[in-house]
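[1] here is my input, please return the structure:
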Amino acid sequence: MAEALWFATARLTIHLSQKDNADRLSLIEHHMSEGFAVPLHVHHDEDESFYILQGEVRMQIDNEVRRLAPGDALTVSGGTPHSFRIVSPEARLLSMTTGRFEAMIRRLARPAQNEGLPLQAEPTDEEVAAVVAACAAHGIEFQGPAVA
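    Here you go, the predicted structure:
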């Protein structure tokens, strides 16, 4: 059964949890509003695949910037710097991983309180520090700002 969580200002739905399959695959739907961005980072121990369901996403992989639209898919190999930013009013995408990303999400997320997005507010310094620490503990290293 799908599990809906709020993570920062995004709504994440875990459709397939690592604990429920032998391949330890996580399939997570991300629902985000315009401006949501993830800093440049690397996953040291996992590849991350994306499939765009709705909206438009600007993604940086290494030094290449691409605009992704519904139906676009790509895989970012472990150790490859990447970042993304939502550039449409809202976007939904699927991410697929087999490493520690799901555990990091679970460490910081809270159960979704309704069907929509959580409050859209700038993170506090404490929230940013918690994300950085959780990512570091789960093999994810920040390397720079989010794609513009």
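
[2] can you give me the helices for the protein?
    Taking DSSP state H as the criterion, the chain carries its helices at 101-108, 125-137.

[3] if the residue nearest to Gln113 when sequence neighbours are not counted is in a bridge, with which residues?
    Once flanking residues are discounted, Gln113 sits nearest to Trp6: 7.1 Å by Cβ to Cβ, 6 or more residues apart in numbering. C-beta: built from backbone N, CA, C; applies to glycine. Note on Trp6: beta-bridge partners Arg11, Arg110, judged by DSSP bridges.

[4] from Thr124, how far out is Trp6?
    Going from Trp6 to Thr124 by Cβ to Cβ, to the nearest Å gives 15 Å.

[5] show me which of the two is the more surrounded one.
    Set Trp6 next to Thr124 and count neighbours by other Cβ atoms under 10 Å: Trp6 wins out with 19 against 9.

[6] the more buried one touches Ala112, doesn't it?
    Yes. Applying Cβ atoms under 8 Å, one finds Trp6 in contact with Ala112, separated by 5.1 Å.

[7] now list whatever residues contact both of the two.
    Common contacts of Trp6 and Ala112 (Cβ atoms under 8 Å, 6 or more residues apart in numbering): Pro118.

[8] what are the ranges of the strands in the chain?
    3-7, 10-16, 26-33, 37-43, 48-54, 57-61, 64-68, 73-76, 82-86, 90-97, 110-111, 140-144 (DSSP state E).

[9] okay, now the unreliable bits of this structure?
    Residue ranges of the chain with pLDDT under 70: none are present.

[10] Gly71 touches Ile52, doesn't it?
    Yes. Between Gly71 and Ile52 there is a contact under Cβ under 8 Å: 6.7 Å.

[11] pick out whichever of those two has more residues nearby.
    Neighbours were counted for Gly71 and for Ile52 using other Cβ under 10 Å; Ile52 has more, 19 against 8.

[12] any idea how far the closest residue in space to Ser88 that isn't next to it in sequence is from Glu34?
    Once flanking residues are discounted, Ser88 sits nearest to Gly55: 3.8 Å by Cβ to Cβ, 6+ apart. Separation of Gly55 from Glu34 (Cβ to Cβ): 8 Å.
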